[in-house]
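Asks: fold the following and give me the result.
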Amino acid sequence: MLSGTEARIRYLTVAFFAQRVLDALVASAEHGDDAGLKPALELAIQELKTAIGSGSDDYQEGSPRAFSDYEQVRTLDEVRNRAEVQQMIQALEKLAEDLDGGVPAGRRQLDEAIEFFCHLESRALRNFDQPTEALPRGIHELCKASQRGSSMTPRP
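Replies: Got it, this is the predicted structure:
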């Protein structure tokens, strides 16, 4: 079982990842600065592919992975379903291809990516602030009843 601190660190890892990508996307959208965009896109593509199970296991030693644990993948699932994540991966790959070809990043594509990563960062920070989901109604009573029942002798 994870401690609260460990779970919270995992959420922060996702938020930090989203912020790194956002910084490059916003710099490109607002200032036309594409210098850091290509590495950010490559990172985002690799991490998102890993999250949905279509990425490779090749990764830089010592680098934290944004989606290596349940809490991290669940955070992504709370933002978008797998099909939508796959569409975002394809959009990011298209942006990266355009940059390789000398084509400046399109504003619409940048805005969609910015929206996606803003939602991801916000959800990760929300989960950081509230790391456990509320228990369903009645679960406390069920647990108490179960504990009382286990101390009783079994009936014939």
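Asks: helices along the chain, start to end?
Replies: For the chain, the helices defined by DSSP state H occupy 4-31, 37-51, 70-79, 82-100, 107-129, 139-151.
Asks: so where is this structure shaky, pLDDT-wise?
Replies: 1-3, 54-64, 131-156 (pLDDT under 70).
Asks: hang on, the earlier thing: could I get the helices of the chain in CSV, plus columns for mean neighbour count?
Replies: (Glycine included, C-beta is placed from N, CA and C.) Shown next, in CSV, are those (neighbours: other CB atoms under 10 Å):
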stretch, mean neighbour count
helix 4-31, 18
helix 37-51, 20
helix 70-79, 19
helix 82-100, 16
helix 107-129, 18
helix 139-151, 9
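Asks: how much space between Leu125 and Cys118?
Replies: Distance of Leu125 to Cys118, computed by CB to CB, to the nearest Å: 11 Å.
Asks: ugh, wrong one, Glu78
Replies: Using CB to CB, Glu78 is found at 14 Å from Cys118.
Asks: go on, Ile89?
Replies: 17 Å.
Asks: give me the neighbour count for Pro104.
Replies: Other residues lying near Pro104 total 12 when counted by other CB atoms under 10 Å.
Asks: hang on, it packs against Asp33?
Replies: No: Pro104 is not in contact with Asp33 according to CB atoms under 8 Å; the separation is 10.8 Å.
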